[in-house]
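> predicted model follows, preceded by the sequence.
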Amino acid sequence: MRKLLATAFSVAALLPAAAMAEYTFALVPKAMNNPFFDLARDGCHKAQEELADVTCEYIGPGEHTELEQIQIVQDLITKGVDGIAVAPSNAPAMAKVLKDATEAGIPVMTWDSDLLDEDKALRATYVGTNNYNIGVNLAKLVMARHPGGGTICLQTGGAAAANHNERLLGARETLAGAELGDPPGRALDGDNGWTEISGCPLVTNDDGNVAVQGMTDILAANPDLTAFLSTGAFTQWFDNAYRNAAEPYKDKMASGALTIVVADTLPMQLEQTRDGLGNGLVGQRPYEMGYMSMYILKDIVEGKSVDDPIFTGLDVCDNDNIDTCVQ
């Protein structure tokens, strides 16, 4: 896809400057204080460097705040940007706002997190991870270490975030070996040997402090817990805090008595896993999401067809391949 886009850019570069339109495309993350989304921002800015007629406006809530994100998108519609790529924190609520974008003739796409099935007609495409498969691969990492099952605590982001609910369903159905309904699926209760403990899943709203404290409390209250599975990197964002929380359980993780697996492969997460403070990561490619969003929006406004969805791939890491797993 990049080769085709690069070819399109080369042709555009030959056109007179006066013949080229200028576009402002907004890339809206769930939160600006999230290192995962920083990588998407960097990809967006790289595309801006390559596309002489495109400006990347990276804007989102300072922290994970659903209402603020909705207001930002509404403001972008009022401002009249040429296209919006949004990672919805609250899928059904965001869909209501995006109807205004449709009425205003502003093309919309989603990235990282999608809309619900009934609202997908409001956007042209989704670019990012197959979120169900994140949950599948996290569960496979757990099952490889505990083939007989056990007790597990799941940790998630926003309760209304479609991407995290899809990851929960992927994890639950893989552990259970059965279909468990619509995302996020039902809690496991002895399914294929797996049971979710009381108090889980833990909802973090993408807050790193809440995530670390939740893990700390669960591990302390459940000394025989088999596995802790987090659908987002928020558990490990704050390196010192996570290391302090995980260090007391390092020997249990090394022996196979306890498994901790987390989504994403940010630099601090790779180091933590190398140091034996985690057992597995399933990484996304946020840089590509931000980068590709600018090219895709340009194609859309210029009347070109785009695929839907567009998946950016996964990197699956464990303690054995941690030095080579990220592509």
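Alright, I've got the coordinates. Residues are numbered from 1 along each chain as shown.

> now residue 324: how far from residue 318?
Shown here: residue 324 relative to residue 318, a distance of 11 Å by C-beta to C-beta, to the nearest Å. All C-beta atoms are positioned from the backbone trio N, CA, C, and that covers glycine.

> tell me which of these two has more neighbours.
residue 318 (19 against 9; other C-beta atoms under 10 Å).

> list the residues that contact that one.
141, 144, 279, 280, 325 (C-beta atoms under 8 Å, 6 or more residues apart in numbering).

> tell me the two of those residues that are most distant?
Comparing every pair within those by C-beta to C-beta identifies 144 and 325 as the most remote, at 14.3 Å.

> quick one, which of the two is more surrounded?
Just comparing residue 144 and residue 325: by other C-beta under 10 Å the higher neighbour count belongs to residue 325, 18 against 12.

> ok, the nearest residue to residue 276 once chain neighbours are set aside - how many residues close by?
Nearest residue to residue 276, sequence neighbours excluded (C-beta to C-beta, 6 or more residues apart in numbering): residue 250, at 5.4 Å. Here the number of neighbours of residue 250 (other C-beta under 10 Å) works out to 15.

> quick check: residue 250 touching residue 279?
No. The pair residue 250 / residue 279 is not scored as a contact, 10.7 Å apart, by C-beta atoms under 8 Å.

> where does this structure have low pLDDT?
1-21 (pLDDT under 70).

> where do the strands of it begin and end?
Applying DSSP state E to the chain gives strands spanning 23-28, 54-58, 83-86, 108-111, 126-128, 150-156, 189-191, 194-196, 202-203, 227-230, 259-263, 280-283, 310-311, 315-318.

> so what's residue 197 up against?
Neighbours of residue 197 in contact, by C-beta under 8 Å, 6+ apart: 151, 152, 153, 218, 222, 225.

> mind doing that once more with 6 Å?
Contact partners of residue 197, counting by C-beta atoms under 6 Å, 6 or more residues apart in numbering, are 151, 153, 222.

> out of those residues, give me the one that has the most neighbours.
For the contacts of residue 197, neighbours tallied by other C-beta under 10 Å; top is residue 153, 23 neighbours.

> bridged to residue 57, which residues?
residue 26 (DSSP bridges).

> how close does it sit to residue 72?
10 Å.

> which one is the residue nearest the centre of the chain nearest to, not counting chain neighbours?
Nearest to the mean C-alpha position of the chain, by C-alpha atoms, centre = their mean, lies residue 112 at 4.8 Å. Distances taken as C-beta to C-beta, 6+ apart place residue 87 nearest to residue 112, at 3.9 Å, with adjacent residues excluded.

> tell me the phi and psi of that neighbour?
phi -100, psi 90 (degrees, to the nearest 10).

> tell me the contacts of it?
29, 30, 111, 112, 113.

> in this structure the fourth one contacts residue 128, no?
The one in question is residue 112. Yes. Counting by C-beta atoms under 6 Å, residue 112 touches residue 128, with 4.7 Å between them.

> mutual contacts of these two, please.
residue 289.

> who touches stretch 253-272?
For stretch 253-272, using C-beta under 6 Å, 6+ apart, the contacting residues are 35, 134, 138, 141-142, 145, 227-233, 235-236, 239, 249, 252, 276, 278-283, 315, 326.

> nope, stretch 29-45 is what I meant
With contact meaning C-beta under 6 Å, 6+ apart, stretch 29-45 is reached by 27, 56, 58, 60-64, 87, 89, 206, 233, 266, 286-287, 289-291, 294.

> with just CA atoms, put it into PDB.
Extracted C-alpha coordinates of stretch 29-45, given in PDB (Å, rounded to 0.1, in the frame of the first residue of the first chain):
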ATOM      1  CA  PRO A  29      -6.000  10.100  19.900                       C
ATOM      2  CA  LYS A  30      -7.800   9.000  23.000                       C
ATOM      3  CA  ALA A  31      -5.300  11.000  25.100                       C
ATOM      4  CA  MET A  32      -2.200  13.200  24.500                       C
ATOM      5  CA  ASN A  33      -0.400  11.900  27.700                       C
ATOM      6  CA  ASN A  34      -0.200   8.400  26.300                       C
ATOM      7  CA  PRO A  35       3.200   7.200  24.900                       C
ATOM      8  CA  PHE A  36       1.400   4.800  22.600                       C
ATOM      9  CA  PHE A  37      -0.300   7.700  20.800                       C
ATOM     10  CA  ASP A  38       3.000   9.600  20.700                       C
ATOM     11  CA  LEU A  39       4.200   7.100  18.100                       C
ATOM     12  CA  ALA A  40       1.100   7.700  16.000                       C
ATOM     13  CA  ARG A  41       1.700  11.400  16.200                       C
ATOM     14  CA  ASP A  42       5.300  10.800  14.900                       C
ATOM     15  CA  GLY A  43       4.000   8.800  12.000                       C
ATOM     16  CA  CYS A  44       1.400  11.500  11.200                       C
ATOM     17  CA  HIS A  45       4.200  14.200  11.200                       C
END
